[in-house]
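1. After the sequence you'll find the predicted model.
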Amino acid sequence: QKADEAYLIGKGLPPVAAYLHIPDIIKVAKDNGVDAIHPGYGFLSERADFAQACSDAGVRFVGPSPETVRKMGDKVEARSLAIGAGVPVVPGTNSPISSLQEAQAFAQTYGFPIIFKAAYGGGGRGMRVVREYEVSTCR
């Protein structure tokens, strides 16, 4: 209702799939003389393939280059790049934690709470706050 124009993308697809249907977005942009696309926040803004599709179609992607978007998708690489650029970061690991012993050593060094985060993607859903040791038994 607030837009000057609106176009259907992803016809026949479920809402999220339609919203993320890159070929239709590019087609609508080309058919309507669009020269730049702002991807919003989350979803398409984190998709290197969308940034690349815009570039390939001659449409400016309002955001980082496809290569930068790809690098930021890998949280271990993103952390390393931030440190290399002098950006202050919270204490963390330089590589994924692969054992309980590594997690315990980190907690002993920095204390609780700690957060476990998926190295790739997750959209924040992969983050888990750990406030204390919990002993569990598997039977």
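-> Thanks, I have the structure now. Numbering: from 1, shown residues only.
2. what about residue 94, distance to residue 41?
-> 28 Å (C-beta to C-beta, to the nearest Å). All C-beta spots, glycine's among them, are computed from the backbone N, C-alpha and C.
3. and what of residue 15?
-> On the measure of C-beta to C-beta, residue 15 and residue 41 end up 17 Å apart.
4. any idea which element the nearest residue to residue 44 once chain neighbours are set aside lies in?
-> Nearest non-adjacent residue to residue 44, counting by C-beta to C-beta, 6 or more residues apart in numbering: residue 50, 4.8 Å away. Using DSSP states H and E, residue 50 maps to helix 48-56.
5. now do residue 68
-> Using DSSP H and E, residue 68 falls in helix 66-73.
6. neighbouring contacts of that helix?
-> If you take C-beta atoms under 8 Å, 6 or more residues apart in numbering as the criterion, helix 66-73 is touched by 45-49, 51-52, 55, 63-64, 77-78, 81, 120-121.
7. one more time with 7 Å
-> 46, 47, 48, 51, 52, 55, 77, 78, 81, 120, 121 (C-beta atoms under 7 Å, 6 or more residues apart in numbering).
8. Looking at the closest residue to the fourth one other than its chain neighbours now. What's its pLDDT?
-> Take residue 51 and drop its neighbours on the chain: the residue closest to it by C-beta to C-beta, 6+ apart is residue 66, 4.1 Å away. The model reports residue 66 with a pLDDT of 96.
9. repeat for residue 118
-> pLDDT, read off for residue 118, is 75.
10. what sits against it?
-> Applying C-beta under 7 Å, 6+ apart, the residues near residue 118 are residue 126.
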